[in-house]
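# Can you look at this prediction? I've put the sequence above it.
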Amino acid sequence: NSRGTASLLKDSISFTGVSASGLFEGHDLLRRGFTSVKNELLPSHPLELTEKNFQLNQDKTNFATLRNIQGIHAPLKLQMEFRAVKQVQRLPFLHSSNIAMDILRGNDECIGFEDILNDPSQSEVMGEPHMMMEHKLGLL
């Protein structure tokens, strides 16, 4: 056996919990904010889960309707276009409007909450570019 015992042991144990800083790394407040056990367990309002999954549910409904009207090729083509649009991104420290995704979903002519007040997770403050790129590439 050319692989040896060490490689067999390495293949059988997953190391997903270990980061670059080690197993005992603390919570990163700069990236994840303050932790709240209550917010992680229960939604704060009964409609919160529905609102979080609104776009996913709307896409599923649109795909089902499109399949019933035009056949299986139409939702498959649209899903491939969604995947292609999601792969094209700006650098992680630059804000992206995702206009191509809005056009595919038909939201380009609609004015919504995020157009006026923006998503709170998308702050206007640009982060440290080098740190954000290292995090995206898995170097941090």
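Yes, it's here.
# tally of neighbours for residue 75?
Residues contacting residue 75 under the criterion other C-beta atoms under 10 Å number 19. For the C-beta atoms, the positions are set from N, CA and C on the backbone; glycine is no exception.
# per-domain residue ranges of this structure.
The chain resolves into domains spanning 34-88, 91-118+125-139 when parsed by the TED database.
# Before we go further, residue 95 is sitting in a helix, right?
No. Per DSSP: H, G, I helix; E, B strand; the rest coil, residue 95 lies outside any helix segment and is coil.
# Would you indicate which residues of stretch 102-118 are buried?
Buried residues in stretch 102-118, counted by 16 or more other C-beta atoms under 10 Å: 102, 105, 107.
# and which of the residues you listed is nearest residue 137?
When those are compared for distance to residue 137 (C-beta to C-beta), residue 102 wins out at 27.6 Å.
# Excluding sequence neighbours, find me the nearest residue to the closest one.
Spatial nearest neighbour of residue 102, excluding adjacent residues (C-beta to C-beta, 6 or more residues apart in numbering): residue 108 at 4.6 Å.
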